[in-house]
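1. coords please:
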Amino acid sequence: MNYEELSVMLKAMADPNRMKIVHLLSNGTLCACEVLEHFEFTQPTLSHHMKVLEKANIVSVDKRGQWHHYTLRAEFVTQFLVSMEQLLGQKKDDGGLLNK
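-> Just a heads-up that it's a prediction; the model follows:
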């Protein structure tokens with residue numbers, strides 16, 4: 001397990017707004033304008049949050065003209081789930097803490 005990479009991911013997701021963005025993107029790619037509909041802040045604030053998530057390799061961005069479309073990186077999802085299992089020393093099917 002790479003503690004440095006995991007720490008960067010956790011720090012990026014520690015903000016409630018960024019955690020909500022990750023949750024929104026778990027359902028598929030969204031345009032920045034679609035993400036912004038779920039928040040009470042400005043587009044520059046959204047850009048800041050997205051840049052933090054992008055630098056942490058949590059999201060990828062596809063620029064189409066003036067629009068930015070964001071996608072949750074599949075590699076992030078896999079790595080995050082594996083890291084959490086390793087960190088907690090449990091797997092979902094071994095009768096450990098995650099089943100109690």
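
2. which secondary structure elements does the lengthiest helix in the chain contact?
-> Criterion DSSP state H: the longest helix present in the chain is helix 74-88. Counting contacts by 3 or more Cβ pairs under 8 Å, 6 or more residues apart in numbering; DSSP states H and E, helix 74-88 packs against helix 3-13. Quick note: C-beta positions are derived from backbone N, CA and C, even for glycine.

3. ok, residues contacting the helix it packs on?
-> Helix 3-13 has contacts (Cβ atoms under 8 Å, 6 or more residues apart in numbering) with 18-19, 22, 52-53, 55-58, 76, 79-80, 83, 87.

4. Quick check on the residues you listed: which are buried?
-> 18, 22, 52, 53, 56, 58, 76, 79, 80, 83 (16 or more other Cβ atoms under 10 Å).

5. Just list the residues touching the fourth one, thanks.
-> If a contact means Cβ under 8 Å, 6+ apart, then residue 53 has 12, 13, 18, 21, 22, 59, 70 as its contacts.
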